[in-house]
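Colleague: Give the three-dimensional model of this entry:
(chains A and B)
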Amino acid sequence: MSAEILVKATGLHKTFGKVKAVNDVGFEVRRGDIYGFLGPNGSGKSTTIRMMLGLIRPDSGQIKLFGEQMDRKNFKLLGRIGALIERPDFYTYLSAAKNLELLASYSGLNLNPKEQKHRIGEILDLVELSERADSKVKTFSQGMKQRLGIAQTLLHDPDLIILDEPVNGLDPQGIKDIRNLIVRLNEEMGKTLIVSSHILREMELIANRMLVINRGKVRVEGEVKALLKGEKVRVILSTNNPEKTLEILKINGFSEKPEINKLQEIIFDLHSDRVPQLNKILVEADIAVYQLNALNSLEDYFLSITA
Amino acid sequence: MINLIRIEFQKLFRRGLTYIGFAAILLIVLVIQVGMYVEGKKLLDFLIKSLSDVFLLEGNLINIYTVSYIVLTSLWIHIPVLVAIVAGDMVSGEAGRGTFRLLLTRPVSRGKLLTAKYITAQVYTAMLVVFLAIMSLVIGRFFFPAGDMIVLLETINIFDSTDVLWRFGAAYGYGMISMWVVSGLAFLFSTKATNSLGPVVASMSVLILFTIISNFSIGIFDPIKPFLFTTYLNGWQLFFDEPLRMDAIIKAITIMVAHITVFYLAAWLIFTRKDIQS
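Modeller: From the prediction side, this is the model:
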């Protein structure tokens, strides 16, 4: 039996002035997914996410959350969602705990002061900020704000968590911390997550399903493993003797007419099973291989749109 | 709704900006009172010079009531600026800080959130006017005695000290309504802006423009003058007229309440339809 569909978007369109920000976007997120939203900056990721949350009204199209139509009148659905959209902005003149207390009130959590304090302590502990609970947010680093941003999404124990560019502006350690936290939320707490990013590597590491969006249109969607395991790969080859290499490619049936770019790299498509064989033949022919990159179609596509 | 208003108050009173209004009012009142204490007699002598030739004026005319009356004139420009600073930040401040993304992704009705903010802004405005009243009448006690009050409007009115306090109460009540109009206007601009300065500048510009139209004799604007709120901003003076012109007072209050309502409805319409892109 397939998993419950928590989000179903169909035919979303949004135009700002003359700019078509989102053009016929549709996707499904199932319970238990870490669903990656991948695309370069300005591709329409944030607009799509904002439409899901009712921050922006689509010109046309439909969004269903938990099987119900999402629009501004149905704002109660947001009680089942925790969201961090772009920058983690808070009331910087208030402490981390006070910010969470206010946001818990907006979420309609009917907890007595003792329960609320306990809940906030628990959440801050999870994101490793309990020691700074009473510090004003203006004293926080970007990484700490990002973790506090994730903490606020968890306050009301939502079914679905939406994180828009959660690793933006973080150092490598901060990125790793957030990545681990996302995986923990999914694996240990059973949360479904939608995570947007413009970094393919991040998505590969955490997402099980993914949508690639560019210029407002969906380019690729599906299981990450399947997307990354394309049968044909694009080979980028750099050797000490390009002419002899071209001859070998032709003789051995690897490629009849490969492209050669300005860097004298030879580019051609090849079945992924044949890449080791290619390497072996080149080495046996006494050709020094400086570079042999085999990119799957998703990487190839993503590099082409982010280059 | 009460919960939302409570949250708005918590946010409001934990910010330094909120207290600027109270500090400024304290300063305004002190400056006027010290000034009147030092130079008041000379000023009053100049103002009533022509009257002194005709009437015999006895007693201390520089008293707490005369000075409080002068303080009330700050409702014209000073208090509107202070009111606009906070009301203009109520919605735009959240947009500028980026905190709308946090609030509007919670299960909160946009209409209720806006109403809670509007009520908070108007209660804050009322608090400023009450603070002005208390400061002018309480601090004044340290500088000036009580006494009869002379008011120079179209006619000369002299009120017995026992007949003054209720007039001040009513004038401040009226002043509160007029400041609610200014606050409502700044709040309306706030729903369109993403920084706090814009709504303050915009509401002050409208206030100045409408005041010019209301007070200058430019014939083509005569038909619209009765509908401009600025025509009624100094209407608190009606409570220092004798006999009291109730019809004029009721008309003024009705038009100001209409403005307050229209500004709120317009803000509601804008905010509930707005795309949050900041």
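Colleague: For the stretch 1-150 of chain A, which residue gets nearest to chain B?
Modeller: Residue nearest to chain B within the stretch 1-150 of chain A (C-beta to the nearest C-beta): A:Asp89, separated by 3.1 Å. The way it works is simple: take the backbone N, C-alpha and C, and place the C-beta from them, glycine included.
Colleague: OK, contacts around that residue?
Modeller: Listed by C-beta atoms under 8 Å, 6 or more residues apart in numbering or on different chains, the contact set of A:Asp89 reads B:Arg97, B:Gly98, B:Thr99, B:Arg101, B:Leu102.
Colleague: just those that are near chain A?
Modeller: B:Arg97, B:Gly98, B:Thr99, B:Arg101, B:Leu102 (C-beta under 8 Å from any C-beta of the partner chain).
Colleague: measure the residue of the stretch 1-150 of chain A closest to chain B to B:Gln277 for me?
Modeller: A:Asp89 sits 14 Å away from B:Gln277, going by C-beta to C-beta, to the nearest Å.
Colleague: closest to A:Gly82 among the ones next to chain A among the contacts of A:Asp89?
Modeller: Distance ranking of these against A:Gly82, using C-beta to C-beta, places B:Leu102 first at 10.7 Å.
Colleague: since we're on the nearest residue to the closest one once chain neighbours are set aside, how many residues are nearby?
Modeller: Distances taken as C-beta to C-beta, 6 or more residues apart in numbering or on different chains put A:Leu103 closest to B:Leu102, at 6.2 Å, once the chain neighbours are dropped. If you count neighbours by other C-beta atoms under 10 Å in any protein chain shown, A:Leu103 ends up with 24.
Colleague: Check which helices and strands the helix or strand encompassing A:Leu103 sits against.
Modeller: Taking DSSP states H and E as the criterion, A:Leu103 maps to helix A:96-106. For helix A:96-106, the elements it packs on are helix A:113-126, helix A:142-154, helix B:2-12, helix B:100-103, judged by 3 or more C-beta pairs under 8 Å, 6 or more residues apart in numbering or on different chains; DSSP states H and E.
Colleague: ok, and does the longest one reach over to chain B?
Modeller: No: residues of helix A:113-126 are not located near chain B by C-beta under 8 Å from any C-beta, the shortest gap being 12.9 Å.
Colleague: name the helices or strands packed onto that helix?
Modeller: So helix A:113-126, by 3+ C-beta pairs under 8 Å, 6+ apart, packs with helix A:96-106, helix A:142-154.
Colleague: Show residues contacting the first one.
Modeller: Residues lying outside helix A:96-106 but in contact with it, judged by C-beta under 8 Å, 6+ apart, are A:90-91, A:94, A:111, A:116, A:119-120, A:123-124, A:129, A:132-135, A:137, A:140, A:148, A:151-152, A:155-156, B:3-4, B:6-7, B:10-11, B:14, B:102-103, B:106, B:108.
Colleague: hmm, try it at 6 Å
Modeller: Helix A:96-106 is touched from outside by A:90-91, A:120, A:129, A:132-133, A:137, A:148, A:152, A:155, B:7, B:103, B:106, B:108, with contacts defined as C-beta atoms under 6 Å, 6 or more residues apart in numbering or on different chains.
Colleague: so what's the residue lying closest to A:Asn74 once chain neighbours are set aside bridging to?
Modeller: Counting by C-beta to C-beta, 6+ apart, A:Asn74 lies nearest to A:Glu68, which is 6.3 Å off, once chain neighbours are set aside. Under DSSP bridges, the beta-bridge partners of A:Glu68 are A:Leu65.
Colleague: What's the local residue count around A:Glu68?
Modeller: Using other C-beta under 10 Å, A:Glu68 has 12 neighbouring residues.
Colleague: Which stretch among the helices and strands packed on helix A:113-126 approaches B:Ile255 most closely?
Modeller: Per C-beta to C-beta, nearest to B:Ile255 of the helices and strands packed on helix A:113-126: helix A:96-106, 36.4 Å.
Colleague: ok, so what distance separates the residue nearest to B:Leu102 from B:Thr125?
Modeller: Per C-beta to C-beta, A:Leu103 is found 27 Å from B:Thr125.
Colleague: now A:Leu193, what's its secondary structure?
Modeller: The assignment at A:Leu193 comes out as strand when based on DSSP: H, G, I helix; E, B strand; the rest coil.
Colleague: What residues are bridge-paired with it?
Modeller: A:Ile34, A:Ile161.
Colleague: Run through the residues that contact it.
Modeller: Per C-beta under 6 Å, 6+ apart, neighbours of A:Leu193: A:Ile34, A:Ile161, A:Asn186.
Colleague: quick one, whichever strand or helix holds A:Ser196 and helix A:142-154 angle?
Modeller: Element membership for A:Ser196, per DSSP H and E: strand A:192-197. Orientation check (axes from the mean of the first three to the mean of the last three C-alpha atoms, to 10 degrees): strand A:192-197 against helix A:142-154 gives 150 degrees.
Colleague: Which positions within the helix or strand just after strand A:192-197 qualify as buried?
Modeller: Going down the chain from strand A:192-197, the next helix or strand is helix A:200-206, by DSSP H and E. Residues A:Leu200, A:Glu202, A:Met203, A:Glu204, A:Leu205, A:Ile206 are the ones in helix A:200-206 that count as buried (16 or more other C-beta atoms under 10 Å in any protein chain shown).
Colleague: Following helix A:200-206 in sequence, what is the next regular element?
Modeller: Following helix A:200-206 in sequence, per DSSP H and E, is strand A:209-214.
Colleague: for that next one, the distance to its chain's centre please.
Modeller: 8 Å (C-alpha atoms, centre = their mean, to the nearest Å).
Colleague: what do you get for stretch A:209-219?
Modeller: With C-alpha atoms, centre = their mean, you get 11 Å for stretch A:209-219.
Colleague: same check, this time on stretch A:225-245
Modeller: Relative to its chain's centre, stretch A:225-245 lies at 26 Å (C-alpha atoms, centre = their mean).
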